[in-house]
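Enquirer: Got a predicted structure here, sequence first:
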Amino acid sequence: MFGEHAAAYSQEYVTLFMATGLLAILLANMFNGIGGPYLWVLIYGFFRKQIRLTRHVAVPVIIYLLVNAIILFGFLYVTRYLTSRYALLFCLLLVIFVPLILARLWQGAKGTGRPQLTTSLLALFLAYCAFDSYLSFGISKDYVFDSIEWIADNSDESRGLVTNNHAVAYFSGKVENYDKTLRNLTEYEIFTASPDDLVAIEMHYEMTQLLSSKSIANLLELQIVFPDTGDKRIAIYRRVAP
């Protein structure tokens, strides 16, 4: 995406443009993986020098973080895909410092004669974290299991299934090599599907682009979408003869 967009402006700097864009995605996923409240605590602890490590501890920690960051950037560069869960190992190590920073903050407040205020603020912070974790736990995935039930109710053993969703591939029992399910379907997979087979597609940008192709659209007949037409997450099609 960044390469095509950058090429419209300057072919000479397209590599730099793409690398900067991928780095921005990497940082955004790391920040999202850590979480907003913890991130502010870490920033506060860093600038107030509340994170104190001896040299023999700090060196392995820094090396670990650098190696993880390089691996994540390499994965993002090769696949052009990254979510916060891939950055969890990086984020978990940083999150370890949060209770240490909070403990030192509370200990420091005891010496100033305002422990009650600090305790109230810490209690408010922890309450916010609990509330935030509940809200950001993730959207409901019921539509995935609804689509699996629909497939089970509307197909027999002889009817094949093509899908790019791992859960659908596994729980439907219709994909033998479910562990090899890819995120993006290709024209070849749809062309080689037998007439009357079902094609369950988890919708995202690449799949929307694929379905916009006239040669593919003529081979598929929409059956149903989940959770609804206004929020199309999984679309189930029937493969028709050209």
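Expert: Received, thanks. Fair warning: this is a prediction, and the values are worked out from it, not measured in the lab.

Enquirer: For this protein, which segments are assigned as strands?
Expert: Along the chain, counting by DSSP state E, strands occupy 161-163, 198-202, 220-228, 231-239.

Enquirer: Ok, which of these comes nearest residue 78?
Expert: Nearest of those to residue 78, taken as Cβ to Cβ: strand 198-202 at 21.4 Å. For glycine as for every other residue, the C-beta is placed from the backbone atoms N, C-alpha and C.

Enquirer: Run through the neighbouring helices and strands of the closest one.
Expert: On a contact count with 3 or more Cβ pairs under 8 Å, 6 or more residues apart in numbering; DSSP states H and E, strand 198-202 meets helix 142-153, strand 161-163, helix 166-172, strand 231-239.

Enquirer: Of those, give the one that comes closest to residue 197.
Expert: strand 231-239 (4.4 Å).

Enquirer: what lines up beside that closest one in the sheet?
Expert: Paired neighbours of strand 231-239 in the sheet (DSSP bridges): strand 198-202 (antiparallel), strand 220-228 (antiparallel).

Enquirer: most tightly surrounded among those?
Expert: Highest mean neighbour count among these (mean count of other Cβ atoms under 10 Å): strand 198-202, with a mean of 24.

Enquirer: ok so, going back, for the helices and strands packed on strand 198-202, which one sits closest to residue 69?
Expert: Going by Cβ to Cβ, the one of the helices and strands packed on strand 198-202 nearest residue 69 is helix 166-172, 27.0 Å.

Enquirer: where do the helices sit along the protein?
Expert: Per DSSP state H, the chain carries helices over the ranges 2-7, 14-34, 36-47, 55-79, 88-95, 97-112, 115-135, 142-153, 166-172, 187-191, 205-211, 214-217.

Enquirer: any chance of these in a markdown table, plus distance to residue 198, mean neighbour count and mean pLDDT?
Expert: Below are the helices of the chain laid out as a markdown table (distance: least, Cβ to Cβ, whole Å; neighbours: other Cβ atoms under 10 Å; pLDDT from 0 to 100):
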| stretch | distance to residue 198 | mean neighbour count | mean pLDDT |
| --- | --- | --- | --- |
| helix 2-7 | 33 | 14 | 53 |
| helix 14-34 | 33 | 16 | 75 |
| helix 36-47 | 41 | 15 | 80 |
| helix 55-79 | 27 | 12 | 81 |
| helix 88-95 | 34 | 16 | 80 |
| helix 97-112 | 47 | 14 | 77 |
| helix 115-135 | 35 | 12 | 77 |
| helix 142-153 | 6 | 16 | 90 |
| helix 166-172 | 9 | 19 | 90 |
| helix 187-191 | 12 | 13 | 89 |
| helix 205-211 | 15 | 14 | 87 |
| helix 214-217 | 15 | 12 | 85 |
